[in-house]
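K.L.:
need coordinates for the below:
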Amino acid sequence: MKFKAILINHLVLFGIFTAKGQSSAINPALLKGAWSAGWITHPTAMQREYGVYHFRKTFTLPIVPATFLIHVSADNRYRLFVNGIPVNSGPARGDLFNWYYESLDIAAYLKPGENTIAAMVWNMGTLAPVAQVSNQTAFLVQGNTSAEEIVNTNTGWKVLQNKAYTPCSLDNGERLKAYMVIGPGDQVDGSQYPWGWEYPGYNDASWENAMEITHPEPVGYGTDNRWTLAPRNIPLFEEHLSRFPVVRRSSGIKVEPEFLTGKKTLKIPAHQTVSILLDAINNTVAYPQLLVTKGKGSSIKMTYAEALFDKQGNKGNRNDIENKEIKGNYDIFLPDGGETRKFRPLWFRGYRYLQLDITTADEPLLVNDIYSMKTGYPLQLNATFTSNDRELQEIWKVGWHTAELCAGELYYDCPYYEQLQYTGDSRIQALISLYGSGDDRLMRKAILDFYHSRTPEGLTQGRYPSNRLQIIPTFSLFWISMVYDYWMHRQDDAFVKQFLPAINEILEWYKTRVDQRKKMLGPLTWWNFVDWDNFNDWGTAPGADTGGSSIITLQYAYTLNQAADLYRAFDHAGQTVDCKLLARELNDHTFAACYNAEKGLLADTPEQRTYSQHASIWAVLSGAVPLPEAQRLMKNLLKDKSIGQVTFFYRFYLIQALKKAEMADLYYSELQPWREMLKLGLTTFAEKPEPTRSDCHAWSASPNYDFLATICGIMPETPGFRTVLIKPALGELTEAAATFPHPTGKITVKFIRQGKDGIHAEITLPESLTGTFIWQDRIIKIHGGKQAITINQPKQTNS
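P.N.:
Predicted structure coming up:
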């Protein structure tokens with residue numbers, strides 16, 4: 001018991017927790033009707049306004065059972081404790097029709113006799129992140145069976161509103177003049193905080209009894225639902241301690257290196273103002289945790305930033321701090337003078353740099369420790385990539401780190417500014433997950449999230465979950481592409497089939513907007529975003545508002561071809577034919593109207609006033625041009641720098657078009673933007689070329705997909721990845737090797753150039769997998785197990 005007590009104290013002090021796996025043993029009765037527990041809340045608080053609450057229940061167990069399964073949720077969010085130990089945070093974000101709950105086995109945290117289950121619950125009200133859908137403040141615990149119903153939420157629970165919290169660092173431009181919608185920072189007054197509230201033995205006699213709101217109902221049931229419950233469909237998250245390696249600068253105090261190790265306390269005298277800039281070296285998504293003693297009347301401001309800014313507002317090299325200042329999201333803690341007070345924000349923070357600005361009053365402040373608790377989706381890197389170009393290893397590492405930080409309960413576009421899940425971003429992020437990890441669960445959730453977002457017009461929302469409406473019609477097309485990608489990479493027909501009616505509604509929305517005279521799309525409503533740094537300040541395609549956008553018409557044709565393949569797979573012959581015919585008609589008329597023979601490029605509209613890489617990219621991807629013309633288009637759009645250039649987002653489609661045009665060997669030479677980002681000291685890849693807002697944007701991590709799918713050429717040959725196509729495109733590389741997590745096992749490849757046009761390939765496939773290897777004009781069937789292929793002769797050419 002002594003060891004257990006020491007372990008528990010360590011867990012509590014540092015806030016470490018390893019959530020037990022999400023249980024699949026949900027009582028079937030809970031999936032088929034109303035629950036016996038109640039949604040509970042504070043009886044007098046304003047239910048839809050900002051507030052932080054504590055809930056407690058003390059209960060007695062004669063013995064510790066082998067399992068003790070409970071189901072937990074809250075609105076907006078909760079952090080659950082059992083006997084003072086943090087167990088889990090949630091719920092995973094969804095919407096009111098799909099409100100997620102976590103299933104937790106808490107037996108390991110229980111003891112014979114008296115136990116306390118407690119939760120911190122908060123509602124950000126009108127200040128909530130845009131990604132947070134809400135009804136009202138509420139908390140829920142449901143025991144899985146009668147054995148666990150002793151902890152069901154009801155009026156026997158106690159509740160306290162925590163008056164220590166005040167929102168700060170607001171989204172109104174107070175912190176950065178940029179689109180920032182992640183919710184407020186936390187200002188916590190330690191003198192009003194109920195320290196020890198989560199522990200057994202805390203006196204909650206003065207707390208209110210909770211008020212019951214309603215009984216929960218699962219999806220498919222209920223007549224007056226406020227939240228319709230669904231089991232969490234992604235893994236539980238863990239937290240891992242990480243320390244700041246270095247103090248970059250300080251004023252008003254000297255900071256010893258031992259302070260950062262947690263082995264030495266930093267003493268700040270009374271009536272002192274100090275500033276300490278900490279550098280995590282890499283961008284981080286974590287809960288910063290600060291431990292202090294004494295210092296009554298002090299103020300501690302914690303400011304978080306991906307980079308520092310010079311006087312002109314530029315970031316420059318992210319490693320440089322000279323003549324730069326920190327700006328960004330922040331929290332404030334006001335110590336009460338107590339012993340070992342821990343400040344931790346309610347929600348995680350994104351940062352590389354963390355600055356402490358401290359002012360003491362009459363009492364010295366002891367800073368016992370500061371560290372980070374990293375968290376996020378447990379995305380495991382199961383792929384490898386190496387080559388003779390060592391810089392590609394750094395791109396691979398930074399790209400994966402970018403993907404990790406942008407994977408949470410959603411595919412975040414960026415962890416610092418928005419934390420929103422956009423379809424255009426998510427398609428690329430999902431492929432990175434599949435190729436790097438093999439984990440498809442967050443991809444499935446994203447597909448479902450957008451499916452749940454559909455509007456009466458049939459379009460999906462541009463980002464979801466979201467408490468604000470935003471519709472980007474081009475992103476609805478990307479959602480169809482995302483379903484198509486899943487179908488190509490996974491054997492899961494039941495999951496894919498459910499989306500066919502929604503796919504049809506999106507395609508019909510576009511079809512009704514085809515100009516029957518021009519056979520191109522006419523005027524489109526909503527925000528027809530294509531790419532940043534082009535067209536106008538909002539990235540809207542030319543002709544989208546007035547009609548005749550070649551970019552969107554050809555993307556529509558591309559998507560029609562993908563939908564045709566889906567319809568064919570599920571025996572919808574009529575829709576297959578309709579999609580193919582319409583795609584061909586749109587392709588033919590758009591090419592005829594927008595192609596400029598003198599430039600060898602497609603214009604953005606039939607008036608041919610502006611040109612972009614995007615239009616010709618979609619001409620190639622949609623099949624509007626045969627292979628010889630596709631190659632001419634691609635050569636011209638790469639050469640002509642006067643036309644609108646793709647940014648990091650659309651470089652994914654640029655590379656797809658190169659592959660379609662049999663020019664994938666040019667991919668290696670297209671990596672210069674990522675090399676430039678490394679030179680700028682970026683530890684994650686940015687949203688767009690400089691000047692950029694976000695330093696961590698997962699759509700820019702596409703090399704982690706392309707190193708495997710383009711350089712090593714590992715792709716599905718048939719739907720469900722039932723067979724594999726390996727078609728390497730080394731460019732100027734002489735060697736490349738990779739491992740890839742296929743659903744049936746690991747694929748390993750190693751390629752060594754043989755002279756100018758030859759190759760030696762070593763390939764190992766899972767025993768049940770077959771496929772095709774293609775090198776230039778050679779096509780070779782491959783089988784499960786190991787095989788070596790050597791091709792020495794030069795590529796055959798037609799005279």
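K.L.:
and the helices in the stretch 351-500 of the chain, which stretches?
P.N.:
Using DSSP state H, counting those that start in this stretch, the helices found in the stretch 351-500 of the chain span residues 390-405, 423-436, 441-452, 473-489, 493-497, 500-511.
K.L.:
for the chain, same thing?
P.N.:
2-14, 390-405, 423-436, 441-452, 473-489, 493-497, 500-511, 550-569, 573-594, 613-621, 627-639, 648-660, 672-679, 703-706 (DSSP state H).
K.L.:
next, the angle from the third one to helix 441-452.
P.N.:
Relative orientation of helix 423-436 with respect to helix 441-452: 160 degrees, computed using axes from the mean of the first three to the mean of the last three Cα atoms, to 10 degrees.
K.L.:
quick one: buried residues of helix 423-436?
P.N.:
For helix 423-436, burial by neighbour count (16 or more other Cβ atoms under 10 Å) applies to 423-436. C-beta coordinates here come from the backbone N, C-alpha and C atoms, glycine included.
K.L.:
pLDDT and distance to Ala118 added to those residues, as JSON lines?
P.N.:
Converted to JSON lines, the buried residues of helix 423-436 look like this (pLDDT from 0 to 100; distance: Cβ to Cβ, whole Å):
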{"residue": "Thr423", "pLDDT": "98", "distance to Ala118": "38"}
{"residue": "Gly424", "pLDDT": "98", "distance to Ala118": "41"}
{"residue": "Asp425", "pLDDT": "98", "distance to Ala118": "37"}
{"residue": "Ser426", "pLDDT": "98", "distance to Ala118": "35"}
{"residue": "Arg427", "pLDDT": "98", "distance to Ala118": "41"}
{"residue": "Ile428", "pLDDT": "98", "distance to Ala118": "41"}
{"residue": "Gln429", "pLDDT": "98", "distance to Ala118": "35"}
{"residue": "Ala430", "pLDDT": "98", "distance to Ala118": "37"}
{"residue": "Leu431", "pLDDT": "98", "distance to Ala118": "41"}
{"residue": "Ile432", "pLDDT": "98", "distance to Ala118": "38"}
{"residue": "Ser433", "pLDDT": "98", "distance to Ala118": "35"}
{"residue": "Leu434", "pLDDT": "98", "distance to Ala118": "39"}
{"residue": "Tyr435", "pLDDT": "98", "distance to Ala118": "42"}
{"residue": "Gly436", "pLDDT": "98", "distance to Ala118": "38"}
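K.L.:
which of the residues you listed lies closest to Tyr464?
P.N.:
Thr423 (8.2 Å; Cβ to Cβ).
K.L.:
surely that closest one is in contact with Ile472?
P.N.:
Yes - using Cβ atoms under 8 Å, Thr423 is in contact with Ile472, at 7.4 Å.
K.L.:
quick check: neighbours shared by those two?
P.N.:
Gly462 (Cβ atoms under 8 Å, 6 or more residues apart in numbering).
K.L.:
coming back round to it: which of the helices of the chain has the lowest average pLDDT?
P.N.:
Per-stretch mean pLDDT for the helices of the chain is lowest at helix 2-14 (a mean of 37).
K.L.:
do me a favour and get the end-to-end distance for stretch 368-381?
P.N.:
35 Å (Cα to Cα, to the nearest Å).
K.L.:
report the buried residues of it.
P.N.:
Buried residues in stretch 368-381, defined by neighbour count with 16+ other Cβ under 10 Å: 368-379, 381.
K.L.:
just to revisit the earlier point, of the helices of the chain, which approaches Lys294 most closely?
P.N.:
Comparing the helices of the chain by Cβ to Cβ, helix 2-14 comes nearest, at 17.6 Å.
K.L.:
and Ser251, how many neighbours?
P.N.:
For Ser251, the neighbour count with other Cβ atoms under 10 Å is 10.
K.L.:
so it makes contact with Val274?
P.N.:
Yes - counting by Cβ under 8 Å, Val274 is a contact partner of Ser251 at 6.5 Å.
K.L.:
now the longest strand anywhere in the chain - C-alpha only, PDB.
P.N.:
Taking DSSP state E as the criterion, the chain has its longest strand at strand 273-294. The C-alpha coordinates for strand 273-294 follow below in PDB (Å, rounded to 0.1, in the frame of the first residue of the first chain):
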ATOM      1  CA  THR A 273       8.700  42.200 -11.600                       C
ATOM      2  CA  VAL A 274      10.300  39.500 -13.600                       C
ATOM      3  CA  SER A 275      10.000  38.000 -17.100                       C
ATOM      4  CA  ILE A 276      11.100  34.600 -18.100                       C
ATOM      5  CA  LEU A 277      10.900  33.300 -21.700                       C
ATOM      6  CA  LEU A 278      10.900  29.500 -22.000                       C
ATOM      7  CA  ASP A 279      11.500  27.600 -25.300                       C
ATOM      8  CA  ALA A 280      10.100  24.100 -25.800                       C
ATOM      9  CA  ILE A 281      12.300  24.000 -29.000                       C
ATOM     10  CA  ASN A 282       9.400  22.400 -30.900                       C
ATOM     11  CA  ASN A 283       5.900  23.500 -31.300                       C
ATOM     12  CA  THR A 284       3.800  21.800 -28.700                       C
ATOM     13  CA  VAL A 285       0.200  21.000 -27.900                       C
ATOM     14  CA  ALA A 286      -0.100  20.500 -24.100                       C
ATOM     15  CA  TYR A 287      -1.500  21.600 -20.800                       C
ATOM     16  CA  PRO A 288       1.100  23.800 -19.200                       C
ATOM     17  CA  GLN A 289       1.200  23.200 -15.400                       C
ATOM     18  CA  LEU A 290       2.700  25.700 -12.900                       C
ATOM     19  CA  LEU A 291       3.300  24.900  -9.300                       C
ATOM     20  CA  VAL A 292       3.800  27.800  -6.800                       C
ATOM     21  CA  THR A 293       4.000  28.300  -3.100                       C
ATOM     22  CA  LYS A 294       3.300  31.500  -1.100                       C
END
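K.L.:
buried set for it?
P.N.:
274-280, 283-294.
K.L.:
other SSEs contacting that strand?
P.N.:
Packing contacts for strand 273-294, counted by 3 or more Cβ pairs under 8 Å, 6 or more residues apart in numbering; DSSP states H and E, involve strand 240-242, strand 246-251, strand 299-305, strand 341-343, strand 349-359, strand 365-374, helix 390-405.
K.L.:
who does that strand pair up with?
P.N.:
Strand pairing for strand 273-294, determined by DSSP bridges: strand 246-251 (antiparallel), strand 341-343 (antiparallel), strand 349-359 (antiparallel), strand 365-374 (antiparallel).
K.L.:
thanks a lot, catch you later.
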